[in-house]
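>>> model the following, please.
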Amino acid sequence: MTKKENDDVVASIAEHAKIELSSIGKMLDKADLPPQVDALVEGPVISIQKSSVYIDLAPFGTGIIYGREFINAKDIIKKINIGDFVKAKVTGTDNDEGYIELSLKEAKQALIWSEADKAIKSKMPLELVVKEANKGGLILDWQGIAGFLPASQLKSEHYPRVEDSDKDKILKALKMLVGKRINVVMISALPKEGKLIFSEKDNNPEERKEIIGKYGVGDEIECTVAGIVDFGVFLKVEEGLEGLVHIS
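Next up is the predicted model:
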């Protein structure tokens with residue numbers, strides 16, 4: 001074999017090896033990576049013990065719900081059976097026994113707040129029961145989370161018309177709504193604080209779009225203070241439209 005032929009063979013082998021390494025690299029890029037802490041995972045329940053639940057997370061191993069997470073999720077665990085697929089949140093990737101530590105409670109909360117975000121963006125209409133009333137507004141329950149409907153966000157037919165703005169009379173009027181179903185939309189969600197804010201005035205998107213169309217950024221308008229809450233001030237622009245001046 002001449003030197004040129006030898007060089008050609010070496011070059012061919014090198015090019016082939018380069019192609020192989022490139023293909024392997026692409027395969028590794030596409031391969032699923034092990035779940036990290038805070039990731040949501042899903043798998044079938046393979047065992048339910050007195051103080052632990054095991055979930056198959058193939059090909060990464062087995063997940064375990066135990067200790068405080070088992071106690072916190074007892075109400076959920078009672079409703080699951082072996083073979084059921086469940087979603088859980090990773091809280092640890094490798095404990096002393098080699099299991100991936102999971103939380104059902106945190107996964108449920110993460111999914112709920114994700115749904116809340118979608119409800120806000122889509123202006124999804126919700127029919128909720130009034131659970132409680134205070135001097136500032138109404139307390140509603142959505143998927144186990146207590147949300148607040150400020151009195152200033154009530155429609156005129158539900159807004160307490162009280163002389164001299166007597167707070168005790170306002171509270172008495174608001175309490176008459178407890179137990180009733182009310183149509184609202186979610187306007188704010190604060191997961192870290194566990195807070196939801198609702199509005200009864202925003203549940204007709206088309207009507208609201210028409211009203212908002214009258215105004216533009218930079219317009220100077222005269223408003224009336226419609227309500228004061230711990231996160232800011234609601235200003236009445238016109239009937240059916242209010243704005244929020246956030247405390248920030």
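
>>> state the mean pLDDT of stretch 70-78.
What stretch 70-78 shows for mean pLDDT is 86.

>>> may I have it as PDB, with CA atoms only?
Once non-C-alpha atoms are left out, stretch 70-78 reads as follows in PDB (Å, rounded to 0.1, in the frame of the first residue of the first chain):
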ATOM      1  CA  PHE A  70     -47.000  10.300  53.000                       C
ATOM      2  CA  ILE A  71     -48.800  11.900  56.000                       C
ATOM      3  CA  ASN A  72     -49.500  15.100  54.000                       C
ATOM      4  CA  ALA A  73     -51.000  13.100  51.200                       C
ATOM      5  CA  LYS A  74     -53.100  10.600  53.200                       C
ATOM      6  CA  ASP A  75     -56.300  12.000  51.800                       C
ATOM      7  CA  ILE A  76     -55.000  11.400  48.200                       C
ATOM      8  CA  ILE A  77     -53.400   8.100  48.900                       C
ATOM      9  CA  LYS A  78     -56.700   6.600  50.200                       C
END
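
>>> S152 and T224 touch, don't they?
No - counting by Cβ atoms under 8 Å, S152 stays clear of T224, with 10.4 Å between them. To be clear about C-beta, it is placed using only N, CA and C from the backbone, and glycine gets the same treatment.

>>> what touches both of the two?
K236 (Cβ atoms under 8 Å, 6 or more residues apart in numbering).

>>> looking at the two, which has the bigger crowd around it?
S152 (21 against 10; other Cβ atoms under 10 Å).

>>> give me every residue that touches the residue positioned nearest the centre of the chain.
Nearest to the geometric centre of the chain sits W113, at 1.5 Å (Cα atoms, centre = their mean). W113 sits next to 189, 191 when contact means Cβ under 8 Å, 6+ apart.

>>> at 10 Å instead, please
143, 145, 189-192, 194, 196 (Cβ atoms under 10 Å, 6 or more residues apart in numbering).

>>> distance from stretch 170-177 to the middle of the chain?
How far stretch 170-177 lies from its chain's middle: 30 Å, per Cα atoms, centre = their mean, to the nearest Å.

>>> tell me the mean pLDDT over it?
Across stretch 170-177, pLDDT averages out at 88.

>>> flag every buried residue along that stretch.
Going by neighbour count (16 or more other Cβ atoms under 10 Å), the buried part of stretch 170-177 is 170-171, 173-174, 177.

>>> next: stretch 227-244.
Per 16+ other Cβ under 10 Å, stretch 227-244 contains these buried residues: 227, 229, 231, 233-235, 237, 241-242, 244.

>>> circling back: so of the buried residues of stretch 170-177, which ones are in helices?
In helices, defined here by DSSP state H, the members of the buried residues of stretch 170-177 are 170-171, 173-174.

>>> please, which helix or strand holds E127?
Applying DSSP states H and E as the criterion places E127 in strand 126-134.

>>> just how off-centre is the helix or strand just after that strand within its chain?
Downstream of strand 126-134, the next assigned helix or strand under DSSP H and E is strand 137-142. For strand 137-142, the gap between its own C-alpha mean and the chain's C-alpha mean amounts to 17 Å (Cα atoms, centre = their mean).

>>> ok, back up a step: tell me the angle of the strand holding E127 relative to strand 137-142?
140 degrees (axes from the mean of the first three to the mean of the last three Cα atoms, to 10 degrees).

>>> run through who's touching strand 126-134.
Residues contacting strand 126-134 (Cβ under 10 Å, 6+ apart): 119, 137-142, 146-149, 151, 158, 160, 167, 170-186, 198, 203.

>>> 7 Å - rerun?
138-142, 171, 174-175, 177-186 (Cβ atoms under 7 Å, 6 or more residues apart in numbering).

>>> among these, which ones are buried?
138-140, 142, 171, 174, 177, 182, 184-186.

>>> just those residues now: which is nearest F85?
F85 has its nearest neighbour among the buried ones among the contacts of strand 126-134 in W142, at 25.0 Å by Cβ to Cβ.
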